[in-house]
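**Q** What follows is a predicted protein model with its sequence.
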Protein chains: 2
Amino acid sequence: MKTEIAEILKRNQLSVTDSRTSILELFRSSKSALAHADIEKKTSEQFDRVTIYRTLQTFVEKGIVHTIPTADNSVLYALCKDNCSQGHHHDNHVHFICDDCGVTYCLEHISIPNVQVPEGFITKQTDLVMSGQCDKCNA
Amino acid sequence: MKTEIAEILKRNQLSVTDSRTSILELFRSSKSALAHADIEKKTSEQFDRVTIYRTLQTFVEKGIVHTIPTADNSVLYALCKDNCSQGHHHDNHVHFICDDCGVTYCLEHISIPNVQVPEGFITKQTDLVMSGQCDKCNA
DNA sequence: AACACTTTGCAACTTTGTTGCAAAATAAAC
DNA sequence: GTTTATTTTGCAACAAAGTTGCAAAGTGTT
């Protein structure tokens, strides 16, 4: 296990440190989106706030995790499926936020349709966020 | 003009004040999504930060504007088209935020492609926000 | 083990958003 | 057009979230 996580870090040209290992492990075990505060709590405040910020930033840059927009102005981080290891493949799926329960869903299998932007515009990121009622709240 | 805006406020049971009038006017003239910071700047810091927060909150509650979540942890506010009073039909065009100059463009002529959601989900709103470099900054 | 390089934790700071309350503005009543 | 009741505003103080510089500690390489 540990070795596997170390592998992922090395594959992304990151040195293997306690914080990176723990946080990545946390993502893999929880298998759901985490907020910065969640990580702080679940690592028992073992790491400095700043360290967590920087670790998350690094992971985003390397494509290990991606950010999820939420309605209440908080950022969630989630593991990128294919570990994005070959890189360049930014997440491309639709997110759905339930107005009632507030849960953010990754609709992994629904990809964002291509959108043609006007000439001269360069797109670096595309977010498609839907909101309404999820299946559980609609019952 | 002023009368028209006052009408909208009254229709929503809101008293007509300077800040509400100015901010609503700003939304109508800019016709694009605005962040809190944009509003602060464009009203030349005429109003207290707190007032702007509360005004936006009120507008959201009344359905005059709606929020657009973005992945970078910023919330955008946009006018609801039909004033949403009779409801339900929200804007349907793509937004583009320039990372360099910070301007938000409404790509009015590009509509959001239809997205099929899983069974049981009810979509009330769909926002597509792109970011990158606009034509002016890419020159 | 010794070196170069990267990462961490601390402190200080900025930015963003919230709350309570007195003063001012608005709306309603006369 | 005053007066009164209600709402809204601005201030101050606070809370939460995020950033930056830098010395100390950790990592990787030889």
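**A** Thanks, I have it.
**Q** now the farthest one out in chain A, which residue is it?
**A** residue A:119 (30.4 Å; C-alpha atoms, centre = their mean).
**Q** Ramachandran angles for that one?
**A** Main-chain dihedrals, residue A:119, degrees, to the nearest 10: phi -60, psi 140.
**Q** for it, what are its contacts?
**A** By C-beta atoms under 8 Å, 6 or more residues apart in numbering or on different chains, the contact list for residue A:119 reads residue B:135. (Glycine included, C-beta is placed from N, CA and C.)
**Q** Could you name the specific helix or strand carrying the nearest residue to residue A:9 once chain neighbours are set aside?
**A** What sits nearest to residue A:9 in space, not counting adjacent residues and going by C-beta to C-beta, 6 or more residues apart in numbering or on different chains, is residue A:16, at 5.1 Å. Residue A:16 belongs to no helix or strand when elements are defined using DSSP states H and E.
**Q** close enough to count as contact, residue A:16 and residue A:4?
**A** No - assessed by C-beta atoms under 8 Å, residue A:16 is found out of contact with residue A:4, at 11.7 Å.
**Q** Looking at those two now, which is surrounded by more residues?
**A** The neighbour comparison of residue A:16 against residue A:4 (other C-beta atoms under 10 Å in any protein chain shown) goes to residue A:16, with 14 against 10.
**Q** Let me know the pLDDT of that one.
**A** pLDDT recorded at residue A:16 is 95.
**Q** Look up how far residue B:18 lies from it.
**A** Look at residue A:16 and residue B:18: by C-beta to C-beta, to the nearest Å, they are 58 Å apart.
**Q** Then residue A:137?
**A** 39 Å.
**Q** ok, the two, which is more surrounded?
**A** With neighbours defined as other C-beta under 10 Å, residue A:137 and residue B:18 compare such that residue A:137 has more, 16 against 11.
**Q** helices and strands around the one helix or strand in chain A whose mean pLDDT sits lowest, which ones?
**A** Least confident helix or strand, chain A: strand A:104-111 with a mean of 78, by mean pLDDT, DSSP states H and E. Secondary-structure packing of strand A:104-111 (3 or more C-beta pairs under 8 Å, 6 or more residues apart in numbering or on different chains; DSSP states H and E): strand A:93-98.
**Q** The strand it packs on versus strand A:104-111: what angle between them?
**A** Angle, strand A:93-98 to strand A:104-111, by axes from the mean of the first three to the mean of the last three C-alpha atoms, to 10 degrees: 150 degrees.
**Q** which strands and helices sit next to strand A:93-98?
**A** Under the contact criterion of 3+ C-beta pairs under 8 Å, 6+ apart, strand A:93-98 touches strand A:104-111, strand A:122-133.
**Q** Report the distance from it to the chain centre.
**A** Put simply, strand A:93-98 sits 13 Å off its chain's centre (C-alpha atoms, centre = their mean, to the nearest Å).
**Q** Averaged pLDDT, it. What do you get?
**A** 81.
**Q** could you check the angle strand B:122-133 makes with that strand?
**A** 130 degrees.
**Q** Enumerate every residue touching residue A:129.
**A** The contact partners of residue A:129, by C-beta under 8 Å, 6+ apart, come to A:69, A:94, A:95, A:96, A:97, B:68, B:69, B:126, B:127, B:128, B:129.
**Q** now those residues in a markdown table, with distance to DNA strand C?
**A** Shown next, in a markdown table, are the contacts of residue A:129 (distance: C-beta to the nearest atom of the strand, whole Å):
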| residue | distance to DNA strand C |
| --- | --- |
| A:69 | 13 |
| A:94 | 24 |
| A:95 | 19 |
| A:96 | 22 |
| A:97 | 16 |
| B:68 | 13 |
| B:69 | 11 |
| B:126 | 22 |
| B:127 | 17 |
| B:128 | 21 |
| B:129 | 16 |
